[in-house]
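Novice: Here is my input, please return the structure:
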Amino acid sequence: MTYQELVNQILSLQDEGLEIFNAGKSVLGKNILATHVGSYSGTQILIQGGIHAREYITSLLMVEQARNIFNNDLVKNGGIYFVFLTNPDGAEIVLDGIDSVGCEITRNYLISANGGSRDFSQYKANINLVDLNTNFDAEWGGGSQNVFCPATEDFVGFYPESEREVESLINFTLRTRPLLTISYHSKGNVIYYGFDGESEANIERDRAIGESLSASTGYPLIFTENSTGGYKDWCINSLKIPAYTIEVGSDSLAHPIGIENLPEIYQQNKDVPIIALEKAIEYSKDIDFTTPNVQNIHKENTDGPNEKSYCSRLQSKLDRRSAYRSFNRKRQ
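Specialist: Next up is the predicted model:
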């Protein structure tokens, strides 16, 4: 698979009536592609993947999840945001090789950090050699595997939230106000929940929701230890919402996990988005949602082509969805 083929898989959802928009930009100016399924009013959750370059299998998983729940009209009383590929620059290096980096200075810098090797199939970081899932301001730099010099993995950055991709995901999260988040990673077939310093009541809430996700996937539920600075950690620490890291794919598989493993991974995770939304709705019954979330999403300043406000995109999404379903009824 090439990087463009991965992007095309995400964009193909437009052919089925979903609206693809930008959640932000990468360091090199690539669009961080996202979609929304369901209603913009009511409880919202957010699912993101591809924050580690070699873990693009999670992006493909999320494409299949979004397709399934949209075409089967499964979302009720809320909505789900999918941020498919948080680290597009890194994914391109893994998929297309180091020669995909146009700048010779940057290319040589990356090769040097990679021990002189031009094989970047195991690469996790972004173009700045920062491991994005250690760069969030949540006990930043306190993880047991953190490193403090540019590296192909585990480098926390020179200061928290230094990276454009991290800033984009944080800003998008603050605009969309999800009440639960899921971060897809590979590998291990395990679900991580909780964070040091979280209240006992919230830990119990998170554990109870996590048990439902565990029962659906068959993955064990484990409390997070000795890991900090991740998106899940930031959501728990800053927003006080339940957040989970789901590691897909057996430990016996090699990185990057091949697309031949996608059918099994998808079947294990097929119901995760709906279960997560239902559980978020349950715990948020007392929250006032008289103002739809979409009215708090301002125009995203991504400087990309054909940018529109999210309200305009909402109307476009609804029109496209109606037309797609009318077309299908006529075919039947």
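Novice: what's the single longest strand in this protein?
Specialist: strand 31-38 (DSSP state E).
Novice: which strands and helices sit next to that one?
Specialist: Applying 3 or more Cβ pairs under 8 Å, 6 or more residues apart in numbering; DSSP states H and E, one finds that strand 31-38 contacts helix 3-11, strand 21-25, helix 57-71, strand 78-83, helix 164-176. For every residue, glycine as well, the C-beta is placed using N, CA and C.
Novice: what is the rounded mean pLDDT of the longest one?
Specialist: Confidence for helix 57-71, expressed as mean pLDDT, is 98.
Novice: can I have that helix written out in CSV, keeping just the CAs?
Specialist: Taking C-alpha atoms only, helix 57-71 is exported to CSV below (Å, rounded to 0.1, in the frame of the first residue of the first chain):
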residue,chain,number,x,y,z
ILE,A,57,-3.8,-0.3,10.0
THR,A,58,-5.8,1.6,12.6
SER,A,59,-6.8,4.2,10.0
LEU,A,60,-8.1,1.4,7.8
LEU,A,61,-10.0,-0.1,10.7
MET,A,62,-11.7,3.2,11.4
VAL,A,63,-12.7,3.6,7.7
GLU,A,64,-14.5,0.3,8.0
GLN,A,65,-16.1,1.3,11.3
ALA,A,66,-17.4,4.6,9.9
ARG,A,67,-18.7,2.9,6.7
ASN,A,68,-20.6,0.2,8.7
ILE,A,69,-22.3,2.5,11.2
PHE,A,70,-23.2,5.1,8.6
ASN,A,71,-24.7,2.7,6.0
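Novice: From what I see, residue 79 and residue 47 are in contact.
Specialist: No: in this structure, residue 79 is not within contact of residue 47 by Cβ atoms under 8 Å, at 11.4 Å.
Novice: Who has more neighbours out of these two?
Specialist: Each of residue 79 and residue 47 has its neighbours counted (other Cβ atoms under 10 Å); residue 47 has more, 27 against 22.
Novice: does that one have beta-bridge partners, and which?
Specialist: Partner residues in beta bridges with residue 47, using DSSP bridges, are residue 82, residue 182.
Novice: pLDDT score assigned to it?
Specialist: 98.
Novice: Does it touch residue 182 like I think?
Specialist: Yes: the pair residue 47 / residue 182 is scored as a contact, 4.6 Å apart, by Cβ under 8 Å.
Novice: any shared contact partners between these two?
Specialist: In terms of Cβ atoms under 8 Å, 6 or more residues apart in numbering, residue 47 and residue 182 are both contacted by the residues 273, 276.
Novice: can you count the residues close to residue 73?
Specialist: With other Cβ under 10 Å as criterion, residue 73 counts 11.
Novice: and the gap between it and residue 17?
Specialist: To residue 17, residue 73 is 11 Å away according to Cβ to Cβ, to the nearest Å.
Novice: ok, now residue 48?
Specialist: Taking Cβ to Cβ as the measure, residue 48 falls 22 Å from residue 17.
Novice: More neighbours: which of these two?
Specialist: Shown here are residue 48 and residue 17; by other Cβ under 10 Å, residue 48 has more neighbours (26 against 19).
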